[in-house]
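In: One predicted model, sequence on top.
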Amino acid sequence: GAGVSQTPSNKVTEKGKYVELRCDPISGHTALYWYRQSLGQGPEFLIYFQGTGAADDSGLPNDRFFAVRPEGSVSTLKIQRTERGDSAVYLCASSLTRDNEQFFGPGTRLTVL
Amino acid sequence: DAKTTQPPSMDCAEGRAANLPCNHSTISGNEYVYWYRQIHSQGPQYIIHGLKNNETNEMASLIITEDRKSSTLILPHATLRDTAVYYCIVFTSGTYKYIFGTGTRLKVLA
């Protein structure tokens, strides 16, 4: 079956610009997670949704980062006023319930010039 | 901080068993051990998880010590395609998020 998909696969932007990264979870999965991975490091938790609501956003680095999941399926991670330090691979994962294993998408590689 | 400690790298000959250790000495009674791997430029892939009993599936076996302070992931017949970074994660039902360490970079040698 279809796995988690993320678009775009690559995004290059300029410092100060706004970007949106999209995640399509596995159908029927109620929990959705965003992680960020810098080169040579393990993924770092950003936020997770249970249904439509953000259940834990403690990993968002600052208020330039925001994520939504309005209908409990697709999620969008939004980054305002991008900085060079935001360059990383942004990973999305979903799970049937929050107690189940998470399935990851291929990631979006964000490069801020 | 990650609650696990893993060696940074390991080599394994193709066709041999790969045994990847993980220390999680502060694990609590309701916390699970999860293993994922990440092949270059891909998202992490779920392998296996367990609470206290040993587990086996089509990909691997997970051996958890009786005191639960460490575990070993076993790939019974490693192939070149098993070359990846392997992450051991302690999962708490209650926080629901993974805290990754830096993992073990396994290289399978022909």
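Out: Structure's in. What do you need?
In: part of a strand, is B:R81?
Out: No: counting by DSSP: H, G, I helix; E, B strand; the rest coil, B:R81 is not part of a strand but helix.
In: Report how many residues lie close to B:M10.
Out: 16 (other C-beta atoms under 10 Å in any protein chain shown). All C-beta spots, glycine's among them, are computed from the backbone N, C-alpha and C.
In: Which pLDDT does the model give it?
Out: For B:M10, the model assigns a pLDDT of 97.
In: Now do the closest residue to it other than its chain neighbours against chain A, distance only.
Out: Leaving aside its chain neighbours, B:M10 sits nearest to B:L106 (5.3 Å; criterion: C-beta to C-beta, 6 or more residues apart in numbering or on different chains). From B:L106 across to chain A, the span is 15 Å (C-beta to the nearest C-beta, to the nearest Å).
In: May I have the residues that are in contact with B:L106?
Out: Listed by C-beta atoms under 8 Å, 6 or more residues apart in numbering or on different chains, the contact partners of B:L106 are B:S9, B:M10, B:D11, B:C12, B:A18, B:L20, B:A78, B:D82, B:T83, B:A84, B:V85, B:Y86.
In: Quickly list what it is bridged to.
Out: Beta bridges link B:L106 to B:M10, B:A84, judged by DSSP bridges.
In: In PyMOL, how would I select just the buried ones from the contacts of B:L106?
Out: Selecting only the buried entries of these in PyMOL, with 16 or more other C-beta atoms under 10 Å in any protein chain shown as the criterion:
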select buried, chain B and resi 10+12+18+20+78+82+83+84+85+86
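In: could the contacts of B:L106 go into CSV alongside distance to A:Y48?
Out: CSV is the format used below for the contacts of B:L106 (distance: C-beta to C-beta, whole Å):
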residue, distance to A:Y48
B:S9, 30
B:M10, 31
B:D11, 36
B:C12, 34
B:A18, 31
B:L20, 27
B:A78, 33
B:D82, 29
B:T83, 30
B:A84, 24
B:V85, 22
B:Y86, 23
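In: Tell me where the model's unsure across chain B.
Out: Counting by pLDDT under 70, chain B contains low-confidence residues at B:1-2.
In: Could you pull out the strands in it for me?
Out: B:9-13, B:18-23, B:31-38, B:45-50, B:55-56, B:61-64, B:70-75, B:84-92, B:104-109 (DSSP state E).
In: Relative to A:L113, which of these is closest?
Out: Closest approach to A:L113 among these is made by strand B:31-38 (26.1 Å; C-beta to C-beta).
In: Adding distance to A:P106, write the strands of chain B out as CSV.
Out: What follows is these, written out as CSV (distance: least, C-beta to C-beta, whole Å):
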stretch, distance to A:P106
strand B:9-13, 24
strand B:18-23, 24
strand B:31-38, 11
strand B:45-50, 11
strand B:55-56, 27
strand B:61-64, 25
strand B:70-75, 23
strand B:84-92, 15
strand B:104-109, 20
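In: Please give me every residue in contact with the nearest residue to A:G28 once chain neighbours are set aside.
Out: Among residues not flanking A:G28 along the chain, A:L96 sits closest, at 6.9 Å (C-beta to C-beta, 6+ apart). Going by C-beta under 8 Å, 6+ apart, A:L96 touches A:G28, A:H29, A:T30, A:A31.
In: Chain B against chain A: which residues are in contact?
Out: Applying C-beta under 8 Å from any C-beta of the partner chain, one finds that chain B approaches chain A through B:2, B:34, B:36, B:42-46, B:49, B:87, B:93, B:95-103.
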